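1. Sequence first, predicted model second:
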Amino acid sequence: MNLADLSAENQRAIGFLARRRRGNFIRGAECAPADGAYLAVVDPATEMQVAEAPDSTAADVDAAVRSARATFEDSPWSRMRPADREAVLYRLSTLIEAHGDELSALETLQGGKLQGIARMVDVGAGAEFVRYMAGWATKLEGQTLQPSLGFPPGVQYHTWTRREALGVVGAVVPWNFPLAIALWKIAPALATGCTVVLKPSPETPLTALRLAELAVEAGLPAGALNVVCGGPAAGAALVAHPGIDKLSFTGSTATGKAIARSAADHLTRLTLELGGKSPLIVLEDADIDAAAAGAAMGIFFNQGQVCTAGSRLFVQRRIFEQVVQRLAHAAEGMKIGSGFDPTVQLGPLVSKRQMERVIGYVDGARSDGATVLTGGARVGEAGCFVRPTVLVDVTPRMRAVREEIFGPVVCAQPFDSVDEVVQMANDTPFGLAASVWSNNLSSVHRLVPLLKAGTVWINCHNMLDNNLPLGGFKQSGQGKDLGRAAVEACTELKSVCMAV
Ligand code: NAD
């Protein structure tokens with residue numbers, strides 16, 4: 001679907017692109033990058049350029065960090081009554097919802113995702129998350145503690161803790177849920193009184209830029225939310241900048257490790273949400289239809305470009321064929337096409353590079369001896385479409401089984417016993433999530449503590465709740481997004497000891 005072919009509603013919605021060349025957003029206003037360099041934003045459904053956004057350098061990052069720092073130190077934002085910060089965030093959530101058509105159309109255009117998914121997750125859940133975090137602004141608390149200090153004799157002490165806003169938070173985010181994940185970083189930071197510099201992914205900068213405009217409209221002081229666009233160099237400059245107090249990152253494990261090394265220089269606080277290779281485990285007593293449908297949703301949702309995707313499917317041997325055949329059948333029935341078409345179930349991958357990477361993994365598995373039960377190829381000649389793919393006859397050492405593919409490709413393996421599947425599921429450097437499909441309470445309770453994963457779902461997969469912390473074990477990350485944990489990670493804990 002060409003841009004000109006979009007519905008009048010979506011055409012109106014993406015009025016933001018009346019100017020195709022967009023700037024960074026610093027000190028409350030759009031500005032051109034210092035070097036005048038831009039990167040193309042490409043619609044992966046058509047492979048046509050739809051916009052340009054800055055390819056920022058260290059100078060742009062420096063301007064954004066200075067803006068955030070000055071706002072944190074000098075503006076009332078960090079000292080504002082918590083109830084007033086709450087009100088601003090609440091207004092922002094309302095504006096995100098009111099601009100849902102526009103924001104979801106921009107997501108579909110730049111990232112290829114289904115507009116319905118963008119509406120539900122990036123806009124709907126994103127706005128709800130901002131509202132949830134608005135509530136936290138008034139609920140931060142310290143503790144009074146009972147001291148045992150006894151010196152000098154006769155002196156009594158009063159001791160307590162307080163939570164204070166960390167300062168400037170840098171946020172570096174990926175392209176799979178651009179608006180939602182940006183909000184996961186921004187909202188808790190703003191709720192505590194911090195200010196933010198956001199660097200979106202070069203593939204998907206448009207909703208971040210629009211969000212910054214809406215934040216000013218909501219009453220956020222100019223400079224409290226700055227957006228610098230660009231690729232790895234801009235991200236690296238932000239991480240290395242001595243003016244940020246915390247860096248919150250979502251992306252691949254390889255980039256997360258580079259960020260941790262760089263952040264060590266200033267001991268910058270870190271939250272790292274990284275990659276996954278999550279197991280989806282089906283025990284023989286499970287509801288077979290529900291498990292097969294859940295496995296399809298677990299891997300094909302958002303074209304498999306989900307950090308918690310159930311990319312390793314383990315099915316107890318007695319029901320292996322039944323589950324895998326149903327899954328293949330579901331894959332073959334999916335309608336593939338533009339994310340703007342409401343009847344489509346699988347859109348394009350985010351870019352040609354990602355499409356080639358995904359197909360490369362399938363080709364590699366095939367030559368290593370895996371069987372492609374269904375899918376495994378590009379659809380058509382134009383657009384970054386890949387058929388939903390089920391691989392069987394895989395072995396634990398194959399790259400397709402070990403590495404994160406980040407596409408609609410699942411590796412299915414049979415197992416015999418619960419002990420065996422625990423060993424298979426944990427045989428990975430990742431530990432982001434897992435799901436167990438079973439109607440046997442004892443098996444479920446036995447498995448939950450044995451799975452080395454930050455989230456375990458039972459009879460569901462990919463279900464996130466604003467109140468439930470999300471973060472990985474092992475090389476899937478450090479710290480948590482969502483929930484109280486995310487707010488507290490934007491604060492320092494100060495201890496106070498007073499001689500009375
Ligand atoms: P990526 O690591 O390539 O890039 C993520 C972001 O980091 C982008 O904005 C990129 O420009 C920036 N970046 C790249 N190199 C950098 C560097 N050296 N220093 C600073 N910034 C740098 O990841 P991606 O391909 O955009 O996204 C996919 C990855 O994100 C997958 O691995 C996926 O699992 C992960 N992810 C994790 C979660 C989670 O919650 N754990 C959620 C979504 C996505």
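-> Sure, I can see it.

2. okay, the helix or strand hosting Val239 in PDB with CA atoms only?
-> Following DSSP states H and E, one finds Val239 within helix 232-240. Extracted C-alpha coordinates of helix 232-240, given in PDB (Å, rounded to 0.1, in the frame of the first residue of the first chain):
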ATOM      1  CA  PRO A 232      24.600   3.600  17.300                       C
ATOM      2  CA  ALA A 233      27.000   6.600  17.300                       C
ATOM      3  CA  ALA A 234      24.300   8.900  18.800                       C
ATOM      4  CA  GLY A 235      23.400   6.200  21.300                       C
ATOM      5  CA  ALA A 236      27.000   5.600  22.300                       C
ATOM      6  CA  ALA A 237      27.500   9.400  22.800                       C
ATOM      7  CA  LEU A 238      24.500   9.500  25.100                       C
ATOM      8  CA  VAL A 239      25.700   6.600  27.200                       C
ATOM      9  CA  ALA A 240      29.200   8.100  27.500                       C
END
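
3. Would you mind identifying the next helix or strand past that helix?
-> Following helix 232-240 toward the C-terminus (DSSP H and E): strand 246-250.

4. What pairs with that next one, parallel or antiparallel?
-> strand 168-172 (parallel), strand 269-273 (parallel) (DSSP bridges).

5. what's the angle from it to helix 232-240?
-> 140 degrees (axes from the mean of the first three to the mean of the last three C-alpha atoms, to 10 degrees).

6. Pull the number of nearby residues for the residue in the stretch 101-250 of the chain that the ligand sits nearest to.
-> Closest to the ligand within the stretch 101-250 of the chain is Gly235: 2.2 Å, counting by C-beta to the nearest ligand atom. Placement of C-beta: from N, CA and C, glycine included. Using other C-beta atoms under 10 Å, the number of residues around Gly235 comes to 27.

7. so it sits right up against Lys199, yeah?
-> Yes: the pair Gly235 / Lys199 is scored as a contact, 5.3 Å apart, by C-beta atoms under 8 Å.

8. Overlap of the contact sets of the two?
-> Residues touching both Gly235 and Lys199 by C-beta atoms under 8 Å, 6 or more residues apart in numbering: Val172.

9. which residues of the stretch 251-400 of the chain fall in helices?
-> In the stretch 251-400 of the chain, the segments counted as helices under DSSP state H, counting those that start in this stretch are 253-263, 288-300, 317-332, 352-367, 399-402.

10. Please dump the ones you listed into JSON lines; it should also carry mean neighbour count and mean pLDDT for every row.
-> Shown next, in JSON lines, are those (neighbours: other C-beta atoms under 10 Å; pLDDT from 0 to 100):
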{"stretch": "helix 253-263", "mean neighbour count": "18", "mean pLDDT": "98"}
{"stretch": "helix 288-300", "mean neighbour count": "22", "mean pLDDT": "98"}
{"stretch": "helix 317-332", "mean neighbour count": "18", "mean pLDDT": "98"}
{"stretch": "helix 352-367", "mean neighbour count": "17", "mean pLDDT": "98"}
{"stretch": "helix 399-402", "mean neighbour count": "18", "mean pLDDT": "98"}
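
11. Nearest to Asn459 among those would be which one?
-> Among the helices of the stretch 251-400 of the chain, helix 288-300 comes nearest to Asn459, with 6.9 Å by C-beta to C-beta.

12. elements contacting that closest one?
-> strand 279-282, strand 312-316, helix 317-332, strand 409-415, strand 433-437 (3 or more C-beta pairs under 8 Å, 6 or more residues apart in numbering; DSSP states H and E).

13. quick one: which of these is nearest Arg366?
-> Closest among the helices and strands packed on helix 288-300, using C-beta to C-beta: strand 409-415, at 11.5 Å.

14. okay, the angle between that closest one and helix 352-367?
-> 30 degrees.

15. need the contact list for the most centrally placed residue in the chain.
-> Nearest to the mean C-alpha position of the chain, by C-alpha atoms, centre = their mean, lies Ile181 at 4.2 Å. Applying C-beta under 8 Å, 6+ apart to Ile181 gives the contacts Val173, Pro174, Thr250, Asp481.

16. Can you list phi and psi of the second one for me?
-> Spelled out, that is Pro174. When read as degrees, to the nearest 10, the backbone of Pro174 gives phi -90, psi -170.

17. sec struct for the residue lying closest to Leu450 once chain neighbours are set aside, please.
-> Nearest non-adjacent residue to Leu450, counting by C-beta to C-beta, 6 or more residues apart in numbering: Val422, 4.7 Å away. With DSSP: H, G, I helix; E, B strand; the rest coil as the basis, Val422 sits in helix.

18. measure Val422 to the ligand for me?
-> 22 Å (C-beta to the nearest ligand atom, to the nearest Å).

19. wait, that residue sits on Leu451?
-> Yes: Val422 lies in contact with Leu451 (C-beta under 8 Å); the separation is 7.0 Å.

20. More neighbours: which of these two?
-> Taking neighbours as other C-beta under 10 Å, Val422 and Leu451 compare with Leu451 leading, 22 against 19.

21. How about the contacts made by that one?
-> Pro279, Val422, Ala425, Asn426, Ala434, Val436.

22. can we see that at 7 Å?
-> Val422, Ala425, Asn426, Ala434 (C-beta atoms under 7 Å, 6 or more residues apart in numbering).

23. Glu492 belongs to a strand?
-> Yes: assigned with three-state DSSP, Glu492 falls within a strand.

24. Would you mind naming the residues that bridge with it?
-> Bridge pairing for Glu492 - DSSP bridges - gives Glu164.

25. I'd assumed Ala165 was in contact with it.
-> No: contact criterion C-beta atoms under 7 Å: Glu492 and Ala165 do not qualify, at 8.1 Å.

26. And those two? Which one has more around it.
-> Ala165 (22 against 14).

27. Check whether the more buried one really touches Gly193, as I assumed.
-> Yes: taking C-beta under 7 Å as the definition, Ala165 is a contact partner of Gly193 at 3.7 Å.

28. shared neighbours, the two?
-> With C-beta under 7 Å, 6+ apart, Ala165 and Gly193 have common neighbours Ser78.

29. Residue of the stretch 301-450 of the chain closest to the ligand, please.
-> Cys307 (3.0 Å).

30. Walking through the stretch 101-250 of the chain, point out its strands one by one.
-> Assigned by DSSP state E, counting those that start in this stretch, the strands in the stretch 101-250 of the chain fall at 144-145, 157-165, 168-172, 195-199, 225-227, 246-250.
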